[in-house]
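J.: Predicted structure and sequence below. I'll ask about it afterward.
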Amino acid sequence: MKYRVERISEGEDEVILRYCQMTPEVERIWNFLYGGQAKLMGWKDKTHVVLDVDKILYFESVDGKTYAYTEEDVYAMDVSLNKLEQVLYAINFFRCSKSMIINIDKVQSLKSLPSNRIDSVMCNGEHIMISRTYASDFRKRLKGGRNDG
């Protein structure tokens with residue numbers, strides 16, 4: 001995908017989104033322009049909490065229960081990782097292991113490890129391992145490719 005940014009001295013600001021096919025990258029831009037902030041419902045201390053998806057660092061499944069992790073807190077979720085993966089793929093989330101989905105936008109740095117694994121350091125300093133099963137698709141995703149399945 002190519003980008004063009006142009007500063008104008010007068011007139012009305014304008015954003016044009018031109019695409020041939022609705023790829024995850026295009027869909028993410030579309031959602032930003034038209035959909036606003038994506039939200040999910042979580043639980044904290046037996047209370048429903050509305051979560052901004054862009055504040056979530058990662059999701060984890062532990063003993064059959066799904067949790068959303070932000071920099072400040074952990075929230076229980078009433079949805080499976082598989083469903084979250086389907087819904088959030090277009091807005092830059094990636095299945096990094098059997099039990100985790102990370103927010104690619106919250107990754108601060110990456111380090112390749114032996115056995116084809118990747119150590120991702122999140123913006124809060126937490127290390128999340130991208131397993132060898134998912135590492136190749138992750139590298140493709142970072143290069144702009146798509147993993148459809």
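T.: Nice, thanks for sending it over.

J.: quick one: contacts for the residue nearest in space to the middle of the chain?
T.: For the chain, the residue nearest the mean C-alpha position is Phe93 (2.2 Å; Cα atoms, centre = their mean). Contacts for Phe93 (Cβ atoms under 8 Å, 6 or more residues apart in numbering) come out as Phe59, Leu84, Glu85, Ile101, Ile102, Asn103, Ile104. Yep, even glycine has a C-beta here, placed from its N, CA and C like the rest.

J.: What of Ala135?
T.: Contacts of Ala135 (Cβ under 8 Å, 6+ apart): Asn116, Arg117, Ile118.

J.: Quick one, which of these are buried?
T.: Judged by neighbour count, with 16 or more other Cβ atoms under 10 Å as the criterion, the buried members of the contacts of Ala135 are Arg117, Ile118.

J.: Reformat the contacts of Ala135 as a markdown table; add secondary structure.
T.: Putting the contacts of Ala135 into a markdown table (DSSP: H, G, I helix; E, B strand; the rest coil) gives the following:
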| residue | secondary structure |
| --- | --- |
| Asn116 | helix |
| Arg117 | strand |
| Ile118 | strand |
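
J.: Between the contacts of Ala135, which sits nearest Gln108?
T.: Each of those was checked against Gln108 using Cβ to Cβ; the closest is Ile118, at 13.1 Å.

J.: who's in contact with that closest one?
T.: The neighbours of Ile118, taking Cβ under 8 Å, 6+ apart as the test, are Leu110, Lys111, Ser112, Met129, Ile130, Ala135, Phe138, Arg139.

J.: Output the contacts of Ala135 as a markdown table; include the columns pLDDT and distance to Gly64.
T.: A markdown table is the format used below for the contacts of Ala135 (pLDDT from 0 to 100; distance: Cβ to Cβ, whole Å):
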| residue | pLDDT | distance to Gly64 |
| --- | --- | --- |
| Asn116 | 93 | 28 |
| Arg117 | 96 | 25 |
| Ile118 | 97 | 26 |
